[in-house]
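Enquirer: Let's see this in three dimensions:
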Amino acid sequence: TLPPSALPGISPTRGEIGPPQGPRLMFMMSSGGLTAADLFQGKDAILSGPAGGVVGMVETARLAGFDHVIGFDMGGTSTDVAHYDGQYERAFDTEVAGVRVRAPMMRIHTVAAGGGSVLHYEAGRFQVGPDSAGAAPGPACYRRGGPLAVTDANVMLGKLQPDFFPAIFGPGQDQPLDADGVRARFGEMAAQIGDGRGPEAVAEGFVTIAVENMANAIKKISVQRGYDVTRYLLNCFGGAGGQHACLVADALGMETVLIHPFSGLLSAYGIGLAAISASRQQGFVRPLAEGSLGDLAATIETLRDAVCAEIAGQGAPEELIAWAPVLHIRYDGTDTALPVNFATHPTVAKVRAAFEAAHKAQFGFVYDDKPMVIETVEVQGQDGRVAGRDETDGPVAEVDVAPRETRRAFSEGAWHDTAVHRREALSPGSRIAGPALVIEPNQTIVVEPGWQAEITAKNHVLLRRTEKKRRQAALGTAADPVLLEVFNNLFMSIAEQMGVTLQNTAY
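Expert: Numbering: from 1, shown residues only. Purely as a prediction, here's the structure:
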């Protein structure tokens, strides 16, 4: 490992930029900002990759004209979800892998549902994950002896077409995806289940369960905290996201999905869009009252000076540094503090009103005449210079695109003739009605029946629901293994939400 003094152009003391001797080395932090190499610490790296995805999802959605966004990042092993409604959400006290860490981090919720999540049929239940096939041996279709996984279910359903993948599978890394082997394995599982459903219905059942798991994760960071997701954009990224975007949106009642051209690489792209940032926190523990404002102002000034000095030391002009004081407020006697931006709510009355509004949205009630405490004072700052954005693109003429080829894909309990479109053949204004597959260099986008894809002026893929979702008919009294697992997960999610609310409101 090189000492900081060996890094060209960076001072070992404060991160000041010296003479231009070489590239500047910067690292992404879990809080969503960049910092100089010599200021970077291990505690800041825990969620730095997913934090890059959050920055990427916000900036690409803003470019597309949306400011209320749910981020949905589905990879091979897990799915990360995040919420944005005009400002980044950060937590100061976070539990990661059972360890409680006090460092500013983006609010990101992760579930064990990815393309490699293993499919199980045990004790009359369909289960997806939490174990993963990983990259080696990988899903069964990789021809390396792996178990059936979510990726295999999409191969079985025709939503992943082997001839659009390079021949890099098998022990010699020279064979195509193994669709025949996947069909045989799902046939064996259908025979084991023995309730008359075909292999494709078994595969669709597993996808339904995976989608519900991901939808429940999104509820944790939105509905559970008082946000109505039906009015949000679902910004979908990650290598497996495009295969499930429409289904996840349907499970949540969302009607618009954005898929950026770099969606398979959006976490890396987001790191490139991030700004230099710094933050400082200090315990305060004083009543929210006029008598505390003098000490509060002095504390904010001390923290602001430290934040601005750190950012200015990395080359940002001091007059262009954007900073904001955030107060973490709680009811006296409780443990749950909620953040309030003191810059936009600069009086005691306004802070009290903002805290009560947030508490009512998240927990459904407020206490009458209960004293409030300023638990922690935080100052967040960042380089205020924003890279120029091309806002000149005007509207484009929309045209329905006829498919050059079709394949068979299984959706909503039936096989459909599904249009196949190459992404490079689609230009701004192109409009595609589902069911359809859009084949990109690094992912497949599945346009489900009742959905429409359009290529915007900025070359984004925008998916919109064009028909009302059909309601499922009333079911009989026989236990359905798919719905059994869906309701099991749903009830478990409700119980967990009740537990969190009890924990957060206890005193």
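
Enquirer: Find the helix or strand that residue 114 is a member of.
Expert: Using DSSP states H and E, residue 114 is not contained in any helix or strand.

Enquirer: what sits against it?
Expert: Residue 114 sits next to 74-79, 129, 132, 150, 240 when contact means CB atoms under 8 Å, 6 or more residues apart in numbering. Heads up, the C-betas are built off the backbone N, CA and C, glycines and all.

Enquirer: Most neighbours of all those, which one?
Expert: Highest neighbour count within these: residue 150, with 30 neighbours (other CB atoms under 10 Å).

Enquirer: mind listing what it touches?
Expert: 113-117, 119, 128, 139, 206-207, 210, 240.

Enquirer: Can you list the low-confidence ranges for this protein?
Expert: Residue ranges of the chain with pLDDT under 70: 1-22, 96-97, 386-395, 397, 470-480, 504, 507.

Enquirer: Let's see that with 50 instead.
Expert: Residues of the chain meeting the criterion pLDDT under 50: 1-18, 388, 390-392, 474.

Enquirer: Regarding it, what is its longest helix?
Expert: helix 481-505 (DSSP state H).

Enquirer: thinking again about what came up before, pipe the contacts of residue 114 into TSV and attach distance to residue 336 per row.
Expert: Converted to TSV, the contacts of residue 114 look like this (distance: CB to CB, whole Å):
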residue	distance to residue 336
74	30
75	31
76	35
77	31
78	27
79	26
129	30
132	33
150	35
240	34
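
Enquirer: Pretty sure residue 231 sits against residue 69.
Expert: No - judged on CB atoms under 8 Å, residue 231 makes no contact with residue 69 at a distance of 10.9 Å.

Enquirer: Could I get the buried residue list for stretch 454-466?
Expert: By 16 or more other CB atoms under 10 Å, the buried positions in stretch 454-466 come out as 454-456, 458, 460-463, 465.

Enquirer: ugh, wrong one, stretch 220-238
Expert: In stretch 220-238, counting by 16+ other CB under 10 Å, buried: 220-225, 227, 229, 232-238.

Enquirer: Can you flag which of those residues belong to helices?
Expert: 220-221.

Enquirer: Helix 481-505 and the helix or strand hosting residue 180, what's the angle between them?
Expert: Using DSSP H and E, residue 180 sits in helix 179-193. Going by axes from the mean of the first three to the mean of the last three CA atoms, to 10 degrees, helix 179-193 is angled at 90 degrees with respect to helix 481-505.

Enquirer: Now do the buried residues in helix 179-193.
Expert: For helix 179-193, the neighbour count (16+ other CB under 10 Å) marks 179, 182-183, 185-186, 189-190, 193 as buried.

Enquirer: Check which helices and strands that helix sits against.
Expert: strand 117-122, helix 150-156, helix 199-221 (3 or more CB pairs under 8 Å, 6 or more residues apart in numbering; DSSP states H and E).

Enquirer: So what's the gap between it and the chain middle?
Expert: Centroid separation between helix 179-193 and its chain, computed with CA atoms, centre = their mean, to the nearest Å, is 32 Å.

Enquirer: Alpha carbons of that helix, as PDB, please.
Expert: Taking C-alpha atoms only, helix 179-193 is exported to PDB below (Å, rounded to 0.1, in the frame of the first residue of the first chain):
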ATOM      1  CA  ALA A 179     -31.800 -24.000 -22.100                       C
ATOM      2  CA  ASP A 180     -32.500 -27.700 -22.600                       C
ATOM      3  CA  GLY A 181     -30.900 -28.700 -19.300                       C
ATOM      4  CA  VAL A 182     -33.000 -26.000 -17.500                       C
ATOM      5  CA  ARG A 183     -36.200 -27.300 -19.100                       C
ATOM      6  CA  ALA A 184     -35.400 -30.800 -18.000                       C
ATOM      7  CA  ARG A 185     -34.600 -29.700 -14.400                       C
ATOM      8  CA  PHE A 186     -37.900 -27.700 -14.100                       C
ATOM      9  CA  GLY A 187     -39.700 -30.800 -15.600                       C
ATOM     10  CA  GLU A 188     -38.300 -32.900 -12.800                       C
ATOM     11  CA  MET A 189     -39.400 -30.400 -10.200                       C
ATOM     12  CA  ALA A 190     -42.900 -30.200 -11.700                       C
ATOM     13  CA  ALA A 191     -43.200 -34.000 -11.400                       C
ATOM     14  CA  GLN A 192     -42.000 -33.800  -7.800                       C
ATOM     15  CA  ILE A 193     -44.600 -31.200  -6.900                       C
END
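
Enquirer: which residues touch that helix?
Expert: By CB under 8 Å, 6+ apart, helix 179-193 touches 119, 121, 140-141, 143, 148, 152-153, 155-156, 162, 197-203, 481.

Enquirer: again, 6 Å this time
Expert: Helix 179-193 is contacted from outside by 121, 140-141, 148, 152, 155-156, 162, 199, 202-203, using CB atoms under 6 Å, 6 or more residues apart in numbering.

Enquirer: For these, which single residue is the most surrounded?
Expert: residue 152 (32 neighbours).

Enquirer: any idea how far that residue is from residue 146?
Expert: 9 Å (CB to CB, to the nearest Å).

Enquirer: what residues are shared contacts of these two?
Expert: With CB under 6 Å, 6+ apart, residue 152 and residue 146 have common neighbours 139-140.

Enquirer: can you tell me how far residue 79 sits from residue 221?
Expert: Residue 79 is 12 Å from residue 221, by CB to CB.

Enquirer: do residue 195 as well
Expert: Distance from residue 195 to residue 221, by CB to CB: 36 Å.

Enquirer: So which residues of this protein form helices?
Expert: Using DSSP H, helices in the chain cover 48-63, 150-156, 179-193, 199-221, 241-252, 266-273, 293-312, 348-363, 481-505.
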